[in-house]
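**Student:** I need the structure of the sequence given here:
(chains A and B)
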Amino acid sequence: GDSVTQMEGPVTLSEEAFLTINCTYTATGYPSLFWYVQYPGEGLQLLLKATKADDKGSNKGFEATYRKETTSFHLEKGSVQVSDSAVYFCARTSGGSQGNLIFGKGTKLSVKP
Amino acid sequence: KAGVTQTPRYLIKTRGQQVTLSCSPISGHRSVSWYQQTPGQGLQFLFEYFSETQRNKGNFPGRFSGRQFSNSRSEMNVSTLELGDSALYLCASSFYPTDRGGYEQYFGPGTRLTVT
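**Tutor:** As a prediction, the model looks like this:
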């Protein structure tokens, strides 16, 4: 079935370091892809999205490009801040008869000052 | 515009009881989806409602049910609670159903259910 695979965390970085969180998805259908972020004790917030191949989603300095040839949607940020510490989830829309989001396991990011 | 609201935020129940959780979507959104989040299984889809009709259902037992009202508010019910039902239950709303692609879901803060 459809699935999303994210790099295992936790990831610990120093402030102003470069961030990459890898995400790959199963290549069934033509999914839309999303990154969500979850801060402690809160629900998920949409960070960015891409709806077709080669689309680049961006928000708050974060970027991800929909790569159909490698079935990837890696999240990047050039300079992380302490306030970026959170859990990041990659997700895709499912295909077939089920319309819902399929999430990766999440990657916990800790940014140290 | 107000976000997705969920009530109650925290709930403690005992095994065998039943529970009802409520979700109010963003104004104008007609699709509501429910997810269960646990440390072991991560985020799993429960069901999706659009215009008062259940459109999709995840792989959960029949003890989990839901409904949507004409004002798009939704409730989910879990009967005969088990210890394994302890989780964060998240509701998300979107303007269109998710299978129309590209229409992002906006999540509420969740209801933390603890079953003892």
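
**Student:** poorly predicted segments of the chain, please.
**Tutor:** No chain was given, so I picked chain A. A:95-99 (pLDDT under 70).

**Student:** please go with chain B instead
**Tutor:** In chain B the weaker segments, taking pLDDT under 70 as the threshold, are B:1, B:98-102.

**Student:** thought A:Asn59 was touching A:Gln45?
**Tutor:** No. Counting by Cβ atoms under 8 Å, A:Gln45 is not a contact partner of A:Asn59; they are 9.9 Å apart. (Glycine included, C-beta is placed from N, CA and C.)

**Student:** contact residues of chain A facing chain B?
**Tutor:** Residues of chain A lying close to chain B by Cβ under 8 Å from any Cβ of the partner chain are A:30-32, A:34, A:36, A:41-46, A:49, A:51, A:89, A:93-94, A:97-106.

**Student:** quick one: buried residues of the helix or strand that B:Thr114 is a member of?
**Tutor:** Secondary structure assigned from DSSP states H and E places B:Thr114 in strand B:111-115. Residues of strand B:111-115 classed as buried: B:111-113, B:115 (neighbour count, 16 or more other Cβ atoms under 10 Å in any protein chain shown).

**Student:** again with stretch A:41-57
**Tutor:** A:43-44, A:46-51, A:55, A:57.

**Student:** among those, which lie within strands?
**Tutor:** Among the buried residues of stretch A:41-57, DSSP state E puts A:44, A:46-50, A:57 in strands.

**Student:** between the residues you listed, which is closest to chain B?
**Tutor:** A:Leu44 (4.2 Å; Cβ to the nearest Cβ).

**Student:** who does the closest one bridge with?
**Tutor:** A:Gln38 (DSSP bridges).

**Student:** A:Arg67 versus that one, what's the distance?
**Tutor:** The span separating A:Leu44 from A:Arg67 equals 23 Å under the rule Cβ to Cβ, to the nearest Å.

**Student:** residues contacting the most centrally placed residue in chain B?
**Tutor:** Taking Cα atoms, centre = their mean, the centroid of chain B lies closest to B:Trp34, which sits 2.9 Å from it. B:Trp34 is in contact with B:23, B:45-48, B:66, B:74, B:76, B:89-92, counting by Cβ atoms under 8 Å, 6 or more residues apart in numbering or on different chains.
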